[in-house]
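>>> please work out how this folds:
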Amino acid sequence: MKALWASLPFLPLLLTAAPRSFLAHDEGYYALQARWIAQSGQWLGPPWWDQVVFDRSIGLPWLIAAAGRLPGVGPWSAHLPSLVAAVACLLLTADLARRLLGGAGAGWLTAAVLALTPLWLDYAHLASQDMPLLALELLGVLALLRAGEAPQRPWPFLAGAWIGPAFLIKGFMVALPVVALLPFVLLERRAVLRRPAFWIGLALGWLPVALWLGLSLQVLGLPVVAGLWQKLLYLSESDVYSAGPLYYLWNLPANTFPWSLFALAGWWGWLAGPLERSRRLLLLLYPLLMLLLLSAFRTKTPYYGLQLTPFVALAAAAGLRSWSAGAGRWARGATLGAGGLGLVLVLAAGAVLWPGAPAGRLVAAGVADLAPAPQLFPLAAGCLGLAWGLVPWCRTGPRRLGALLVGPWLALALLVQAGLFTDRSPRQRQALERPEATAALAAGPIAAVAGAPLTGEEHARLILVALASPRLTPRIGPVERVPPGERVWIRRRELPAGWPVRLQAPELEPWVLAQAPGAAR
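Next up is the predicted model:
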């Protein structure tokens, strides 16, 4: 019963009845791949239209395709793997906090900080590889930690078994946490390497990978499967996603604000105070090595930094406990800072919500492409500011901590329930749900035609209209190859004269649904 009550605050952050639509890159890509796998029964290679493209590993499309077959799951089946992985991340992080931080409530506090981290919450609601990968990494860390405490239990087995499934999810990215964990393994858990359970788990974990790659090589050939390695080389050499070696030093604190500020206090306390070696290796060295490895890789994106958010939460929980106890001038400064920032947010929210205020029009224009109504954003900021404004007036540490947590909880719960984290393409979704659109989409099979290469935006819009098409047939090349009577998604500039248009909308541009003249075969 106590665990049930403790879990209630997390439900409004993870469960919502808000509409769902896809962010075309990359969750729409995975959802479309999973749909083709389920429809064709071909579970071997990652499909893309009528081709097999080994540009990423296949674990996530498998999970999404499997979730789509569960009864009663409905339209959010593509997001189910990430949501389940998010719950696992909270549980695993809480267990790590109980063992590494100790003290009453350390697990719940760390899980709460993680759940209220914007970057983490964003990817909890995205059908992407990143949250399942994070859950497996945390399982590996916890298994190694507990393998020294309870060597007779399944922890040595799990310490080796997680690596293979992580490769299926994210490919070669699994090498980074493995390398970052080596100091802890060699200095604190060498005994685990001598246990047969570890090696059995390692072998069984890699068995699905070996079967998948072996069958793929046999059926599809080396040139196709080599796409996995070629994609890694492209990402390591390309300047498209290159942002300099200091990228995560500003991006990660920004995406974990305000907890990154308290994490600095937590890390400083660990560095300055006595800390046993096993804790120092996991709480300080492991995230530092992960940061260095991520920074050394040429491609840099915010979601790579997601792997560090549980360790930011652990450090932030330590800093929050010190702050709530009122230790030092920095704690008083943080209290006054929270109150001042809260006041600024309340005033800003009032300025935006004031009828006819220019600030309100600016905010409405800035969030026009997002799902929630524009007034919900200043309302969320006002809730956050009001709670933080009360922090200096709270006389006890628990009350200050509660006020600091309840503000982000109110703001994020409001935005989650309004669809900010689930309705990623609201304009396209609304256009495709109109009665005339649903009738046109359901009238028969639809192909896609493109005679020239697609831009990134054209490709994204194609993914969205393809996902909305109930019966999708293989992609056709040049328009001259379209059979008579075929219904196709085609760019307006490639639409031949005399082809009747069955569906068009400004939100779907440049794509229109048209039909080739003549009787269907």
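>>> just for the chain, where's the confidence low?
Within the chain, the set of residues satisfying pLDDT under 70 comprises 1-2, 71-74, 104, 151, 231-243, 327-328, 519-521.
>>> now the strands for it?
47-48, 51-52, 447-449, 487-491, 501-503, 511-515 (DSSP state E).
>>> and these, which is most packed in?
Among the strands of the chain, the stretch with the highest mean neighbour count (mean count of other C-beta atoms under 10 Å) is strand 487-491, at a mean of 24. To be clear about C-beta, it is placed using only N, CA and C from the backbone, and glycine gets the same treatment.
>>> quick check: neighbours of that strand in the sheet, parallel or antiparallel?
Here strand 487-491 has these sheet partners by DSSP bridges: strand 447-449 (parallel), strand 511-515 (antiparallel).
>>> extract the CA atoms of it and return them as CSV.
What follows is strand 487-491 as a C-alpha-only set of coordinates in CSV (Å, rounded to 0.1, in the frame of the first residue of the first chain):
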residue,chain,number,x,y,z
ARG,A,487,-3.9,6.3,-55.6
VAL,A,488,-0.6,7.9,-54.6
TRP,A,489,0.9,10.5,-52.3
ILE,A,490,2.7,12.8,-54.6
ARG,A,491,4.4,16.2,-54.2
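>>> returning to what we had before: export the strands paired with strand 487-491 to TSV and tack on distance to G456?
Shown next, in TSV, are the strands paired with strand 487-491 (distance: least, C-beta to C-beta, whole Å):
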stretch	distance to G456
strand 447-449	16
strand 511-515	14
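>>> nearest to A124, of these?
Comparison of the strands paired with strand 487-491 against A124 by C-beta to C-beta identifies strand 511-515 as nearest, at 30.3 Å.
>>> which residues sit against that closest one?
Applying C-beta atoms under 8 Å, 6 or more residues apart in numbering, the contact partners of strand 511-515 are 440-441, 446, 458, 461-462, 465, 485-492, 495, 499-504.
>>> residue contacts, the closest residue to A351 other than its chain neighbours?
The shortest distance from A351 to any non-neighbouring residue, by C-beta to C-beta, 6 or more residues apart in numbering, is to A359 (4.8 Å). By C-beta under 8 Å, 6+ apart, A359 lies in contact with A348, A351, V352.
>>> what is the burial count for the closest residue in space to the last one that isn't next to it in sequence?
Nearest non-adjacent residue to V352, counting by C-beta to C-beta, 6+ apart: P378, 3.9 Å away. Residue crowding around P378 was assessed by other C-beta atoms under 10 Å; the count is 25.
>>> for P378, which residues are in contact?
Neighbouring residues of P378 by C-beta under 8 Å, 6+ apart: A348, A349, V352, L353, G360, V363.
>>> report the separation between the last one and V346.
Meaning V363. The spacing between V363 and V346, counted by C-beta to C-beta, to the nearest Å, is 15 Å.
>>> one more: the fifth one?
Counting by C-beta to C-beta, the separation of G360 from V346 is 15 Å.
>>> and those two? Which one has more around it.
Using other C-beta under 10 Å, the more surrounded residue of G360 and V346 is V346, with 20 against 17.
>>> the closest residue to that one other than its chain neighbours: neighbouring residues, count only.
Taking C-beta to C-beta, 6+ apart, and ignoring the residues beside it in sequence, V346 has G385 as its nearest neighbour in space, at 3.9 Å. Other residues lying near G385 total 24 when counted by other C-beta under 10 Å.
>>> so how far is R69 from the nearest residue to L70 once chain neighbours are set aside?
Nearest non-adjacent residue to L70, counting by C-beta to C-beta, 6+ apart: S77, 6.8 Å away. Noted for S77: a distance of 8 Å to R69, by C-beta to C-beta.
>>> more neighbours: which of these two?
Per other C-beta under 10 Å, whichever of S77 and R69 has more neighbours is S77, with 22 against 9.
>>> is it true that that one touches A66?
No - between S77 and A66 no contact is recorded; they are 9.1 Å apart, counting by C-beta atoms under 8 Å.
>>> residues contacting the nearest residue to G350 once chain neighbours are set aside?
Nearest residue to G350, sequence neighbours excluded (C-beta to C-beta, 6+ apart): G382, at 7.2 Å. Contact analysis of G382 by C-beta under 8 Å, 6+ apart lists L345, V346, A349, G350, L353.
>>> only the buried subset of those, as a ChimeraX command please.
Applying 16 or more other C-beta atoms under 10 Å to the contacts of G382, the buried members can be selected in ChimeraX as follows:
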select :345,346,349,353
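>>> against E276, how distant is P9?
According to C-beta to C-beta, P9 stands 32 Å off from E276.
>>> which of these two has more neighbours?
A direct count of neighbours by other C-beta under 10 Å for P9 and E276 places P9 higher, at 17 against 9.
>>> picking up where we left off before, turn the contacts of P378 into a markdown table, including distance to E436.
Converted to a markdown table, the contacts of P378 look like this (distance: C-beta to C-beta, whole Å):
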| residue | distance to E436 |
| --- | --- |
| A348 | 41 |
| A349 | 39 |
| V352 | 36 |
| L353 | 36 |
| G360 | 33 |
| V363 | 32 |
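>>> from those residues, which ones fall inside helices?
Mapping the contacts of P378 onto helices (DSSP state H) picks out A348, A349, V352, L353, G360, V363.
>>> neighbours around L264, how many?
If you count neighbours by other C-beta under 10 Å, L264 ends up with 16.
>>> now it: closest residue in space, sequence neighbours ignored.
Spatially, and ignoring its direct neighbours in sequence, L264 is nearest to G319 (7.1 Å; C-beta to C-beta, 6+ apart).
>>> just checking, the one you found touches A265?
Yes - using C-beta under 8 Å, G319 makes contact with A265 at a distance of 3.5 Å.
>>> so those two - more neighbours on which side?
Under the criterion of other C-beta under 10 Å, the comparison of G319 against A265 puts G319 first, with 26 against 22.
>>> ok, now how distant is that one from R69?
From G319 across to R69, the span is 44 Å (C-beta to C-beta).
>>> and what of Q515?
Note on Q515: its distance to R69, by C-beta to C-beta, is 32 Å.
>>> with Y304 instead?
To R69, Y304 is 31 Å away according to C-beta to C-beta.
>>> cool, and A373?
Distance of A373 to R69, given as C-beta to C-beta: 35 Å.
>>> just L454 next, same as before
31 Å.
>>> next, count neighbours for P470.
Using other C-beta under 10 Å, P470 has 11 neighbouring residues.
>>> let me fix that: D369
Residues contacting D369 under the criterion other C-beta under 10 Å number 10.
>>> can you pull the contacts of it?
The contact partners of D369, taken as C-beta under 8 Å, 6+ apart, are P426, R427.
>>> same check on the one 4 residues further on?
With contact set as C-beta under 8 Å, 6+ apart, A373 has these partners: A418.
>>> R492 is in contact with A505, isn't it?
No - look at R492 against A505 with C-beta under 8 Å: they stay out of range, at 11.5 Å.
>>> between these two, which one's more packed in?
Neighbours per residue, other C-beta under 10 Å: of R492 and A505, the larger number sits with A505, 18 against 13.
>>> what's that one in contact with, if anything?
Applying C-beta under 8 Å, 6+ apart to A505 gives the contacts A431, R434, A437.
>>> how about a cut-off of 10 Å?
R427, Q428, Q430, A431, L432, R434, E436, A437, V465, W511, V512, L513 (C-beta atoms under 10 Å, 6 or more residues apart in numbering).
>>> against R471, how distant is the second one?
Q428 sits 19 Å away from R471, taking C-beta to C-beta as the criterion.
>>> so the nearest residue to L271 once chain neighbours are set aside versus G227, what's the distance?
Distances taken as C-beta to C-beta, 6+ apart put L284 closest to L271, at 7.1 Å, once the chain neighbours are dropped. As judged by C-beta to C-beta, L284 and G227 stand 38 Å apart.
>>> can you list the residue ranges for helices in the stretch 401-521 of the chain?
With DSSP state H, counting those that start in this stretch as the criterion, the stretch 401-521 of the chain has helices at 426-432, 435-441, 456-467.
>>> make a markdown table out of the ones you listed and add distance to L414.
Compiled in a markdown table, the helices of the stretch 401-521 of the chain are given as follows (distance: least, C-beta to C-beta, whole Å):
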| stretch | distance to L414 |
| --- | --- |
| helix 426-432 | 17 |
| helix 435-441 | 30 |
| helix 456-467 | 26 |
